[in-house]
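[1] Sequence first, predicted coordinates after that:
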Amino acid sequence: MLTNDQLSQWDRENFLHPSTHFGMHGRGESPARIVSSAEGVYIEDRDGNRLLDAFAGLYCVNVGYGRTEIAEAIAAQAHQLAYYHAYVGHGTEASITLAHMVAERAPAHMNRVYFGLGGSDANETNVKLVWYYWNVKGRPEKRKIISRWRGYHGSGLITGSLTGLTPFHAKFGLPMAEVVHTEAPYYFRRPDPAMSEEQFSAHCAAKLEELIEREGADTIGAFIAEPLLGTGGIVPPPAGYWDAIQPILKKHDILLIADEVVTGFGRTGTMMGSTHYGITPDIITIAKGLTSAYAPLSGSIVSDDLYKVLEEGTDKFGPFGHGWTYSAHPIGAAAGVANLKLVDSLGLVDNARHTGGYFREAMADALQDHRFVGDVRGDGMLAAVELQRDPSANLDFDAAEKVTAQVVAEMAKRGVIARAMPQGEIIGFAPPLCLSKAEADTIVATTRAALDAVTASF
């Protein structure tokens, strides 16, 4: 226990955590967990508590914890070649192999991959690719990027601006001027309850057209969007949404970036979310499921047409002036190769579709009569439960009540980790893709029990 006490002290005194209330953490006023081991869909903390991780870390441990095949691939790579850079044409067996494997799994018109480290830096790369593309095309004024409210695209300067959640803007002076936001395809929060999904999709498309007209199509370089909203509430697109949006982008010569950091490599029950929703992007952002977070790695997959312009640019202007020291890091690439082989051999894409469907249906059945549940939604191995004070009157809880945070804390006491999503009373679920039906039942039962316990006195 002395070691544990020392770790807790060092944690409070030395470790600056992301997305954390620094004062409360430093004073020991908020819960803290030091994780020591994990296996399958379970993690264990240093105090011996075993918890079912129903959020796969941060949507990322897709193959589950403790996969020795990936650990051994990482170790073998580290022993053989721990690092070499990817600048000026250098490569490694792992990075080249992984690029080929990614291209095989991407839409047919996308065959080249730039590797980074995380989703944020991948989207920073994407914005630079867009700007470079339009400069090569002789249209440098096409610089603005349209994003969507409630979208999540990272927490850097430009990526934090792309993110459409106010906690990522407040007190940072964001968003930057190059970023403008349009309507979120959030059917549960549609402006007119009488709207059908198709009507709401048409409404979102009309709002996009209005924004383009207001800003000027000749100033807009790209539109970035997740196939389904992730951190903004796990919100699948309403029927007809992508069919309504894509023609507008083509009409105005605006590139499409599909941010598949969450949806890529199986989470929607298809290999890529773009395929699942009928999206034809110019760039796809990948990260989390690329390595199942066994090592940091991200990527930008570019279309063949976009690549031709990039190639033309380097012929005219010389080498592309962009790169990270750790781009295509061989240890991350080795983890990616082993991970994607596991996704295939374990049939995890099919399991995400079938067990994910079972999980969402079971959650909806278990909560259909709960007086504080406004919506149960999701797709693939993703689900969300949105809470309201009075769903029949569309009346929300006061944010100060922190109802979802209380429910998620109660779930953790009962052995299940879910996520209190930012900017709303939403319980989020994104279990590892290897989840079994029995484990799904455990999550559902725990959610209902925790919700009942927290709201018993309301």
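    Looks like it arrived, so ask away. Residues are numbered from 1 along each chain as shown.
[2] average model confidence for stretch 158-170?
    Here stretch 158-170 scores 95 as its mean pLDDT.
[3] Quick check: buried residues in that stretch?
    Within stretch 158-170, the residues that qualify as buried are 158-165, 168, counting by 16 or more other Cβ atoms under 10 Å. Backbone N, C-alpha and C define where each C-beta goes, glycine included.
[4] Those residues: which two are farthest apart?
    Spatially, the most separated pair among these is I158 and L165, at 15.1 Å (Cβ to Cβ).
[5] For the stretch 51-200 of the chain, which segments count as helices?
    For the stretch 51-200 of the chain, the helices defined by DSSP state H, counting those that start in this stretch cover 56-59, 68-80, 93-105, 119-136, 157-162, 197-215.
[6] right, so of the ones you listed, which gets closest to A258?
    helix 119-136 (10.0 Å).
[7] Can you give me the neighbour number for A206?
    A206 has 13 neighbouring residues, counting by other Cβ atoms under 10 Å.
[8] Poorly predicted segments of the stretch 1-150 of the chain, please.
    Scanning the stretch 1-150 of the chain for pLDDT under 70 picks out 1-4.
[9] right, and the helices of the stretch 51-200 of the chain - which one's nearest G221?
    Here helix 119-136 is closest among the helices of the stretch 51-200 of the chain (Cβ to Cβ), at 4.6 Å.
[10] just how off-centre is that closest one within its chain?
    18 Å (Cα atoms, centre = their mean, to the nearest Å).
[11] List the buried residues of that helix.
    Buried, per 16+ other Cβ under 10 Å, within helix 119-136: 119-127, 129-136.
[12] One more: stretch 223-237?
    Result for stretch 223-237 [16+ other Cβ under 10 Å]: buried residues 223-237.
[13] Please report how far the nearest residue to G118 once chain neighbours are set aside lies from Y277.
    In space, and not counting its chain neighbours, G118 is closest to S298: 5.2 Å by Cβ to Cβ, 6 or more residues apart in numbering. Applying Cβ to Cβ, to the nearest Å, the value for S298 to Y277 is 21 Å.
[14] And for H85?
    Where Y277 is concerned, H85 sits at a distance of 36 Å (Cβ to Cβ).
[15] re the thing from before, which of S298 and Y277 has more neighbours?
    S298 (26 against 19).
[16] Verify the stated contact: R150 with L165.
    Yes. With contacts counted by Cβ atoms under 8 Å, R150 reaches L165, the gap being 6.3 Å.
[17] Next, show the common contact partners of these two.
    Counting by Cβ atoms under 8 Å, 6 or more residues apart in numbering, the contacts common to R150 and L165 are 232, 423.
[18] Compute the first-to-last residue distance for stretch 186-194.
    Start-to-end span of stretch 186-194 (Cα to Cα, to the nearest Å) is 14 Å.
[19] which outside residues touch it?
    By Cβ under 8 Å, 6+ apart, stretch 186-194 touches 150, 197, 200, 203, 229, 232-233, 235, 238, 374-375, 377, 386, 394.
[20] Show me the buried residues of stretch 223-237 that map onto helices.
    Of the buried residues of stretch 223-237, none are assigned to helices by DSSP state H.
[21] What is the nearest of those to G26?
    When those are ranked by distance to G26 (Cβ to Cβ), T231 comes first, at 25.2 Å.
[22] quick one, phi/psi of the nearest residue to that closest one once chain neighbours are set aside?
    Among residues not flanking T231 along the chain, Y152 sits closest, at 3.7 Å (Cβ to Cβ, 6+ apart). With angles defined as degrees, to the nearest 10, Y152 sits at phi -130, psi 120.
[23] Hmm, Y152 is touching T163, no?
    Yes. Proximity of Y152 to T163 meets the contact threshold set by Cβ under 8 Å, at 5.2 Å.
[24] Around the closest residue to P281 other than its chain neighbours, how many other residues sit close by?
    Spatial nearest neighbour of P281, chain neighbours left out: A258 (3.8 Å); criterion: Cβ to Cβ, 6+ apart. Neighbours of A258 under the rule other Cβ under 10 Å: 27.
[25] Three-state assignment for A258, please.
    strand (DSSP: H, G, I helix; E, B strand; the rest coil).
[26] okay but it is in contact with I283, surely?
    Yes. With contacts defined as Cβ under 8 Å, A258 counts as touching I283 at a distance of 7.3 Å.
[27] What distance do you get for R419 to L306?
    In terms of Cβ to Cβ, R419 sits 34 Å off from L306.
[28] One more: G160?
    For G160, the distance to L306 - Cβ to Cβ - is 24 Å.
[29] Backbone dihedrals for V41, please?
    The phi/psi pair for V41 (degrees, to the nearest 10) reads phi -100, psi 10.
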